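Trainee: What follows is a predicted protein model with its sequence.
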Amino acid sequence: MSRAASTTPLRKKWRLFRRNRRGSAAVEFALVAPLFFALLFAILETGIMFFASQVLETMTANASRLIMTGTEQNSGTSSAADFHQKVCNQIPALFDCSSIYVDVQTVPAFSNVSFSSPIDANGIFTPPSNYAPGGSSSIVVVRVFYPWQLFVTGFGYNISNMAGSKRLLTATTVFQNEPY
């Protein structure tokens, strides 16, 4: 009888514990919260990265107009550093000017335009350093690169294409210079 008497309160306590629902919401939230916040931060980071990519596209198009109209070539100070500074003058707080890389090439025909990846197999970015804005009626390719630092790369969501959890944002404009 002593054995039955000692297990009866234990069974009763176990039944009461199983019926008690206080705190279950906190436990369920603790189980779901990490995944919810990881998903939330991944969505926010992806949205900000796409916004930054669009800003980079706009900056590239605006700077390319200086070459297309001949303003850059006729300025008397047409150099890679000068053009880089003109691109940097358009930068909002989203970018760091020291991490912007500009590549300007002249090609003989639109069919000759080709884009090779500046990222090697190890994820190392080697920025091209061409500056050939061409002359009147030249076909020009302007590419602007920016290594974007990513923070949410866990849980199987990793959109980096460079070493160090970075994604290379690239903006490209191909055009024919005006006959200035």
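Mentor: Perfect, thanks for sending it. A quick note: this is a predicted structure, and the numbers were derived from the prediction, not measured. Residues are numbered from 1 along each chain as shown.

Trainee: wait, doesn't Q105 sit right on S138?
Mentor: No - between Q105 and S138 there is no contact under CB atoms under 8 Å: 10.2 Å. The C-beta positions use only the backbone N, C-alpha and C, and glycine is treated the same way.

Trainee: Do a quick rundown of the helices in this structure.
Mentor: 2-19, 24-68, 80-88 (DSSP state H).

Trainee: List the residues that contact the nearest residue to Q90 once chain neighbours are set aside.
Mentor: In space, Q90 comes closest to M59 once its chain neighbours are excluded; the distance is 4.7 Å by CB to CB, 6 or more residues apart in numbering. Listed by CB atoms under 8 Å, 6 or more residues apart in numbering, the contact set of M59 reads V87, Q90, I91, V144, A171.

Trainee: Next one: M59 from T153, what distance?
Mentor: As for M59, its distance to T153 is 26 Å (criterion: CB to CB, to the nearest Å).

Trainee: Please apply the same query to N74.
Mentor: N74 is 46 Å from T153, by CB to CB.

Trainee: neighbour count winner among those two?
Mentor: Neighbour count, other CB atoms under 10 Å: between N74 and T153, T153 has more, with 15 against 9.
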